[in-house]
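**Q** Return a 3D structure for these sequence lines:
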Amino acid sequence: MVDVRPFHGLRHAGLAPDKIGEVTSPPYDVFDPEMQRAYHERHPHNIIRLILGLIEPGETDDAGRIGRAAKCIETWKREGVLALDEAPALYPYLQKFTLPDGTALERRAFFTSVRLEKYGEGKIHPHEQTFPKTKTFLFNLYGSCGTHFGPIFSFYDDPADAASKTLAASMAGNPIADFEEDGVHHTLWRCDNPEAIVAVQEALSGRDAFIADGHHRYETSLNLKDAARKNGAVKGGEADYTLMCLANASDPGMAVLPTHRLLKKIGATVDDVLAKIAPGYEITEAPAPAVGEGSMVARKLKELAEGGRTAFCLYDGKGPLRYLVKKESGAAVGGVDEAVASLDVSRLHADIVDSAFAVSHDEADTAFTPDPEIALAAARKGECKVVILLNPTPVEAVVKIASAGGKMPHKSTYFFPKLRSGLVFHAFAPPATD
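**A** Below is the predicted model of the structure:
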């Protein structure tokens, strides 16, 4: 079973619920330099100083900003900026948001600590590949601060929705955070009722958890657990657990958006690529989209994919739109390798991005967005050479592949909206636990 345990949340203290947004931020991995500077200027206690501090002049690595983050933990705890909750708790979480197509949704989840287990040895399953450089940074940051800053967003399958129903009573009370940022309304509560906590644990008993977002954070937590054990940490201590936010896969607000590709460097012309893929794709043209027509293009792409077909939309900002529909069915057959290969995102890279366009695997050469309007605008403005729109990966495919131990290509899914960072932290070692 997934071992869910209440924890003493480390939180900003002394702020009204509607002011918590000023000290929180998006996840560390969505920041560009301009956003990073803006959040540093926004509030002296914004968590950007902990999760992604600025590299100062003369510094050539992350050591300086990691040291400053650890110092912030010590100072902010001493000054009462941050404080550990006296009693262990679960933290129910509600996000109200609107999809790019205008659909209004709500997603219920809850923050908890979850016992770490290696992939393949328990009930926690990944679905994406990770990169060593990011894990090295997070290992040094989390280890120096004794804090799991970013929650791992995971989902489980419970048609009866028992955990959410149990936490509903807590969500009827006064929230500890209640604010809107970037078009998403975030509300957080605290549940320390022992009976409710036991009921949630029983509801998760025997269920699998599938990592939706935060693979680097989870694998970093595993590495920190091993390091703590070598240094004498007791079994069952806080280092054996990490911060997770759990949602029910059947929740109406469990939205998965596509990750449209913005290709900044390409190794072939659009005409050459279209000629190369023509034997395997039906190619049709449509007028270049006007500003504001991104949702219309996305709807057309969805229609073309009916019946399990693989469909993409290519736009270079100069010529017409090109809709690309694979001539064979996209339905998965056979084992996990075949299931991965049949995903739209796998076919996109195998047939078009990696082969026909010869795009490198350098992260600087490709950008991603779930918003079709932003993608098309980037091509129109010349911010990239080509954009390729695709349909989202179904949650059912994530479950199937992850359950079988498979891994999807990087940026296969975009679970929307992102969790807000800084609502609550998990302290597992000094200086956070001092």
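**Q** And the helices in this structure?
**A** For the chain, the helices defined by DSSP state H cover 33-42, 48-51, 63-79, 132-145, 162-171, 194-204, 215-230, 270-277, 294-304, 336-341, 344-347, 372-380, 395-403.
**Q** orientation of the third one relative to helix 132-145 in degrees?
**A** Okay, so that is helix 63-79. If you take axes from the mean of the first three to the mean of the last three C-alpha atoms, to 10 degrees, helix 63-79 sits at 30 degrees to helix 132-145.
**Q** Identify the residues contacting helix 63-79?
**A** Residues from elsewhere that reach helix 63-79 (C-beta atoms under 8 Å, 6 or more residues apart in numbering): 45, 49-56, 59, 81-83, 140-141, 144-147, 431-432, 434. The C-beta positions use only the backbone N, C-alpha and C, and glycine is treated the same way.
**Q** And stretch 131-141, by the same measure?
**A** Taking contacts as C-beta under 8 Å, 6+ apart, the residues outside stretch 131-141 that touch it are 29, 51, 62-63, 66, 69, 149, 216-217, 219-220, 223-224, 227.
**Q** From those, pick the one nearest residue 11.
**A** Using C-beta to C-beta, residue 149 is the member of the contacts of stretch 131-141 that lies nearest residue 11, at 12.2 Å.
**Q** Now do the contacts for that closest one.
**A** 28, 47, 50, 51, 141, 142, 243, 421, 422, 425.
**Q** mind putting those residues in a markdown table, neighbour count included?
**A** Formatted as a markdown table, the contacts of residue 149 follow (neighbours: other C-beta atoms under 10 Å):
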| residue | neighbour count |
| --- | --- |
| 28 | 21 |
| 47 | 25 |
| 50 | 26 |
| 51 | 25 |
| 141 | 23 |
| 142 | 26 |
| 243 | 27 |
| 421 | 21 |
| 422 | 24 |
| 425 | 28 |
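**Q** Nearest to residue 385 among these?
**A** Once C-beta to C-beta is applied, the member of the contacts of residue 149 that ends up nearest residue 385 is residue 28, at 27.8 Å.
**Q** Buried ones from the contacts of stretch 131-141, can you make that a PyMOL selection?
**A** To isolate in PyMOL the members of these that are buried, counting by 16 or more other C-beta atoms under 10 Å, one can use:
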select buried, resi 51+62+66+69+149+216+217+219+220+223+224
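**Q** Could you dump the contacts of stretch 131-141 into TSV with pLDDT added?
**A** Formatted as TSV, these follow (pLDDT from 0 to 100):
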residue	pLDDT
29	84
51	97
62	96
63	97
66	98
69	98
149	96
216	93
217	96
219	96
220	97
223	97
224	97
227	96
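**Q** Nearest to residue 128 among the contacts of stretch 131-141?
**A** Distances from residue 128 to these, taken by C-beta to C-beta, are shortest for residue 216, at 9.4 Å.
**Q** hang on, isn't residue 373 packed against residue 292?
**A** Yes. Between residue 373 and residue 292 there is a contact under C-beta atoms under 8 Å: 7.0 Å.
**Q** Compare these two (neighbour count), which wins?
**A** residue 373 (18 against 10; other C-beta atoms under 10 Å).
**Q** Tell me the confidence at the more buried one?
**A** Residue 373 is assigned a pLDDT of 95 by the prediction.
**Q** ok, residue 396 - how many residues close by?
**A** Neighbours of residue 396 (other C-beta under 10 Å): 10.
**Q** Ok, residue 313 next?
**A** 24.
**Q** And the pLDDT for the closest residue to it other than its chain neighbours?
**A** Closest residue to residue 313 apart from its sequence neighbours, by C-beta to C-beta, 6 or more residues apart in numbering: residue 389 at 4.1 Å. pLDDT recorded at residue 389 is 98.
**Q** contacting residues around residue 389?
**A** Taking C-beta under 8 Å, 6+ apart as the test, what residue 389 contacts is 258, 260, 297, 298, 301, 312, 313, 314, 315, 372, 375, 376.
**Q** State the distance from it to residue 379.
**A** To residue 379, residue 389 is 10 Å away according to C-beta to C-beta, to the nearest Å.
**Q** which neighbours do these two share?
**A** Shared contacts of residue 389 and residue 379, counting by C-beta under 8 Å, 6+ apart, come down to residue 315.
**Q** still on that earlier bit, buried ones among the contacts of helix 63-79?
**A** Buried among the contacts of helix 63-79 by 16+ other C-beta under 10 Å: 45, 49-53, 81-82, 140-141, 144-147, 431-432.
**Q** What is the nearest of the residues you listed to residue 396?
**A** residue 51 (32.4 Å).
**Q** contacting residues around that closest one?
**A** Contacts of residue 51 by C-beta under 8 Å, 6+ apart are 25, 28, 69, 141, 149, 150, 421, 422.
**Q** Equivalent analysis for residue 398, please.
**A** Residues near residue 398 by C-beta under 8 Å, 6+ apart: 127, 210, 212, 256, 408, 413.
**Q** and what of residue 302?
**A** Contacts of residue 302 (C-beta under 8 Å, 6+ apart): residue 391.
**Q** Distance of it relative to residue 390?
**A** Residue 302 is 10 Å from residue 390, by C-beta to C-beta.
**Q** per-residue pLDDT, residue 299?
**A** According to the prediction, residue 299 has pLDDT 94.
**Q** Return the backbone torsion pair for the nearest residue to it once chain neighbours are set aside.
**A** Using C-beta to C-beta, 6+ apart and skipping residues adjacent in sequence, the residue nearest residue 299 is residue 101, 7.4 Å away. Backbone torsions for residue 101, taken as degrees, to the nearest 10, come to phi -90, psi 0.
**Q** do you know how far residue 101 is from residue 433?
**A** 45 Å.
**Q** Who has more neighbours out of the two?
**A** residue 433 (16 against 13).
**Q** give the contact list for the more buried one.
**A** Listed by C-beta under 8 Å, 6+ apart, the contact partners of residue 433 are 84, 146, 238, 427.
**Q** go with 10 Å
**A** 8, 10, 77, 84, 146, 147, 237, 238, 239, 427 (C-beta atoms under 10 Å, 6 or more residues apart in numbering).
**Q** Which among these count as buried?
**A** 8, 10, 77, 84, 146, 147, 238, 239, 427.
**Q** how about these, which pair is most distant?
**A** The two members of the buried ones among the contacts of residue 433 with the most space between them (C-beta to C-beta) are 77 and 239, at 18.5 Å.
**Q** For residue 277, state which of the buried ones among the contacts of helix 63-79 is nearest.
**A** Distance to residue 277 across these (C-beta to C-beta) is lowest for residue 52, with 39.0 Å.
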